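Trainee: What follows is a protein structure lacking sequence information:
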RNA sequence: GCGGAUGGCUGGGCGGUCGCUUCGUCGGGGAAACCCGACGGGGAGGAAAGUCCGGACUCCACAUGACACGGUGCCGGGUAACGCCCGGCGGGGGUAACCCCAGGGACAGCGCCACAGAGAAUGAGACAGCCUCGCAAUGCGGGGCAAUGGUGAAACGGUGGGGUAAGGCCCACCGCGUUUGUGGCAACACAGGCGGCACGGCAAGCCCCACCGGGAGCAAUGCCAAAUAGGGACCUCGUGCCAGCAAUGGCGGAUGACAUGCAUCCAGACGGUCCGGGUUGGCAGCUAGAGCAGACAUGGCAACAUGUCCGUCAGAUGAAUGAUCGCCGCCCCAUGGGGCACAGAAUCCGGCUUAUAGGUCAUCCGCGUCG
RNA sequence: CGGGGUGUAGCGCAGCCUGGUAGCGCAUCUGUUUUGGGAACAGAGGGCCGGGAGUUCGAAUCUCUCCACCCCGA
């Protein structure tokens, strides 16, 4: 699974479809995931930080940390043909230790894939 | 030393590892758009924020003026412009340094001034009262008065003296109005004369006066590609086409008995306007401009202007500018640990307003102590 | 980027234009009625009028400025 192609979600409709599929919350992040029913093996990922997270600086910080753990974790833990949406949580996403945040994502992925 | 006033500056630093975006050079791939790799350079703020003003820029509309509507409002200057800035004037606060003020007009007109009170506004009023006269006398009636009390945010000038039955009244000063002179570009200030007790407050109530303002906004606007549809309604003649070197000429049909001209009617585009339908992709606009920061010179009290030198300037588009580790710096509990303000560009610029831990510089004022 | 609106008692709304007394309905509390409850009737309490300045003698109301929320248009 070394040659996984990562793509960023841009369409609002994709976000809504993912949120209606499987979801798994942890201390640091909230994960939404959907298995697309096409033949395309591309892994797509999107990031969401609503106004509840804080002001623009807090939202940007949370989104950057989400993007970083996605870059580190997804190439080895993602499954081809899935869409993932990582949602930031108030205070927790920005302040949680980085390794713990990575473990959160790994456990959430495992939980979503097993159900 | 303590307390205070004003105006500036700064907004953690260094290094390792892994990433994002943009530009340049080189190499590779590709028909091209472009993609991949290496090296090198750039990559959030003083408020980037709120969106409260003013412009630049783009499109649309457009003869001018007036009305309507909205805004601004002491005077002078600065500026591309402003509701911003500087200087001055007037008023208010503070022992002072200094700070605050939407600060034009109430004889152009309309309106409002609750409660209380006799009376709340262009010519008034008499509640408690005061003075005097008469009588049938703890009172009643006639006349005179607005100085005193009371109410109120505000009562038709204030204080003092003389005079009076009480008063009107007279005089002086202050205030007000008016006028003259002097200083000042002006707002205004100062001085003198005259007036007579007469002209209350609110225009951030309507309004009047002076000045300013066409509308929309980078999702503006232009081009390309894809996709749907090859639709509908209305309008009419040149900037189009043809001939010609050019001037110039010609360009559908019907009716007015024929032709030209003219008039009327009909048709009508590869043109224009609108509706309906489709697309929510790419490129341009897009970042170097009334630039900004610093130094010096000149003019100016200053805001600022002019000139020279040097430096610097991001352009993303589900939206980059980071993640993580180590050392140092600052703060708090004091082994060890925790924290480091407010806050993230979205076409650009000039202001205003609001948020902001800490550090630092300069000038000035008051008090205390020592010499 | 541009435009409009709302904020008043626990909840939903008047009052603001034209400045002086903040009111209505539901809810709450007390009492009457009932064997008890509900309903009904009578009465009572509850407001720094989103925050801060200003104008005025006086501001929920007028003006400025912040805050929060909602709705439109490109």
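Mentor: Looks like it arrived, so ask away. Everything numeric in this text was worked out from a predicted model, so none of it was measured.
Trainee: and residue A:47, that's in a strand?
Mentor: Yes. Judged by DSSP: H, G, I helix; E, B strand; the rest coil, residue A:47 forms part of a strand.
Trainee: Number of residues surrounding it?
Mentor: Neighbours of residue A:47 under the rule other CB atoms under 10 Å: 19. To be clear about C-beta, it is placed using only N, CA and C from the backbone, and glycine gets the same treatment.
Trainee: wait, doesn't it sit right on residue A:60?
Mentor: No. The criterion here is CB atoms under 8 Å, and residue A:47 misses it with residue A:60 at 10.7 Å.
Trainee: Which stretches in chain A count as helices?
Mentor: In chain A, the helices defined using DSSP state H lie at A:12-20, A:56-77, A:92-95, A:98-114.
Trainee: any idea which of those is most buried?
Mentor: Each of those was scored by mean neighbour count; the highest is helix A:92-95, a mean of 20, by mean count of other CB atoms under 10 Å.
Trainee: who in chain A is up against RNA strand B?
Mentor: Neighbours of RNA strand B within chain A, by CB under 7 Å from any atom of the strand: A:8-12, A:15, A:46-48, A:55-57, A:60-61, A:63-65, A:67-68, A:71, A:95, A:97-98.
Trainee: Now for residue A:111: which residues touch it?
Mentor: Residue A:111 makes contact with residue A:24, according to CB atoms under 8 Å, 6 or more residues apart in numbering.
Trainee: Distance check, it against residue A:63.
Mentor: According to CB to CB, to the nearest Å, residue A:111 and residue A:63 sit 23 Å apart.
Trainee: Make JSON lines from the helices of chain A and add mean pLDDT to it.
Mentor: Below are the helices of chain A laid out as JSON lines (pLDDT from 0 to 100):
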{"stretch": "helix A:12-20", "mean pLDDT": "77"}
{"stretch": "helix A:56-77", "mean pLDDT": "84"}
{"stretch": "helix A:92-95", "mean pLDDT": "80"}
{"stretch": "helix A:98-114", "mean pLDDT": "86"}
